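**Q** let's see this in three dimensions:
(one chain, ligands or ions: 2)
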Amino acid sequence: MQLGVVGLGRMGQIVVDRVREAGHDVVAFDLDEQAVATAADAGATPADSVVDLAERLGGDKRIWLMVPAGDAVDAALDDLEPHLDSDDVVVDGGNSYFEDSVRRAESTDAAYLDCGTSGGPAGAELGFSLMVGGPEWAYEELVPVFDAVATGPEGHDRMGPAGSGHYVKMVHNGVEYALMQTYGEGFELLANGRYDLDLESVARTWNNGAVIRSWLLELCEEAFAEEGNHLGTVADRVEGGSTGTWTVQEALEQEVPVPLIYQALAERFDSRSSGGEGPGRFSRRLANRLRYGFGRHEVPRREE
Ligand SMILES: NC(=O)C1=CN([C@@H]2O[C@H](COP(=O)(O)OP(=O)(O)OC[C@H]3O[C@@H](n4cnc5c(N)ncnc54)[C@H](O)[C@@H]3O)[C@@H](O)[C@H]2O)C=CC1
Ligand SMILES: O=C(CO)[C@H](O)[C@H](O)COP(=O)(O)O
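**A** Ligands and ions are numbered 1, 2, ... in the order given. Predicted coordinates for the structure are as follows:
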């Protein structure tokens, strides 16, 4: 298969690499010329615009968008639209708002797959978990690509119609926020509690057989190993928040109580408005560092 990939940042380059390694051809474009050069070094055919990418793909186009959610997706689709028809398939692998995905699916001539992607740059070697929404035929058509980008055949599935892939990923991220918050609270208590504990040792011990072992807990272990027991200069400031906000808004609309997810989101907002003395809340500092662990997001730091 030949796949066009638009957006070659932390996640898009991984899509290129994994699809290439599975034996498929890739045509790659990004606004950043250096990113295009990196993809070309990995064996992709470079394109110098979205239109050039579409023209190089010929008939029955299969295109994967991996750009930031929002205007960048609409911009790429606007450029692609004159070159698309009903035999073509566009996958949006980013963290788009599910209602935007429903709108885009209705307005494009191509079949549109909204694909929630989890695993982050740190999970590149293992492959991603992919939650796909959209027409069944288009999902089936892209299975060889999903097999390559995901951990394997078990790492992806069709969730349902348009929007459902990004809806499931939105809720996944709400869960992610709450898990980070609860690990943070536990380690905050241990860091300030009765015993002088080695938190890396605690995390490692928990990761070996304990009920609460998980990848996020492995990333806690890594954070203590790399930053030190008290997380060094990692600031009490947690960035991001869009997917968690949508989760809470949807929960309100559906009258489903999600107090843990809301609390985790509120802690993020509070971390950005309070700038007190000292290192700040340990729970939020750990959440800050975990976002680097799974997503390679920049870590806000405080002056020593
Ligand atoms: N980093 C992570 O852990 C995860 C990210 N995502 C989502 O995947 C998407 C991409 O994320 P990252 O790769 O981390 O972002 P990134 O910021 O590393 O890369 C985005 C790339 O898109 C390019 N770009 C922006 N607008 C463009 C356009 N109109 N045409 C062509 N290229 C354009 C940028 O130059 C950049 O290279 C986002 O929606 C993000 O929320 C999803 C799961 C995990
Ligand atoms: O989707 C992801 C992980 O699953 C991305 O890393 C996302 O950026 C996480 O959300 P936030 O930026 O709000 O912390």
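**Q** around ligand 1, pick out the residues from the stretch 201-304 of the chain.
**A** Residues of the stretch 201-304 of the chain lying close to ligand 1 (C-beta under 6 Å from any ligand atom) are 294, 295. Yep, even glycine has a C-beta here, placed from its N, CA and C like the rest.
**Q** show me where the stretch 201-304 of the chain has its helices.
**A** 215-227, 242-254, 259-273, 282-295 (DSSP state H, counting those that start in this stretch).
**Q** in which helix or strand would I find the nearest residue in space to residue 156 that is not next to it in sequence?
**A** Distance criterion C-beta to C-beta, 6 or more residues apart in numbering; nearest residue to residue 156, sequence neighbours excluded, is residue 130 at 3.7 Å. Per DSSP states H and E, residue 130 falls inside strand 129-133.
**Q** for ligand 2, what's the nearest residue on the chain?
**A** residue 240 (2.5 Å; C-beta to the nearest ligand atom).
**Q** nearest to ligand 1: which residue in the stretch 151-300 of the chain?
**A** residue 295 (3.0 Å).
**Q** measure the closest residue to that residue other than its chain neighbours to residue 290 for me?
**A** Of all residues not flanking residue 295 in the chain, residue 120 sits nearest, at 4.5 Å (C-beta to C-beta, 6+ apart). As judged by C-beta to C-beta, to the nearest Å, residue 120 and residue 290 stand 11 Å apart.
**Q** please identify which of these two sits among more neighbours.
**A** residue 290 (24 against 20; other C-beta atoms under 10 Å).
**Q** wait, isn't the more buried one in contact with residue 219?
**A** Yes: using C-beta atoms under 8 Å, residue 290 is in contact with residue 219, at 5.4 Å.
**Q** the residue nearest to residue 295 contacts residue 296, doesn't it?
**A** Yes: Residue 120 is within contact range of residue 296, at 6.9 Å (criterion: C-beta under 8 Å).
**Q** still on that earlier bit, next up, the contacts around the residue lying closest to the residue of the chain closest to ligand 2 once chain neighbours are set aside.
**A** Leaving aside its chain neighbours, residue 240 sits nearest to residue 291 (6.3 Å; criterion: C-beta to C-beta, 6+ apart). By C-beta atoms under 8 Å, 6 or more residues apart in numbering, the contact set of residue 291 is 180, 238, 239, 240, 297, 299.
**Q** again, 10 Å this time
**A** By C-beta atoms under 10 Å, 6 or more residues apart in numbering, residue 291 lies in contact with 120, 176, 180, 219, 238, 239, 240, 268, 297, 298, 299, 300.
**Q** highest neighbour count among these?
**A** Result: residue 238 is most packed of the contacts of residue 291 (other C-beta under 10 Å), 30 neighbours.
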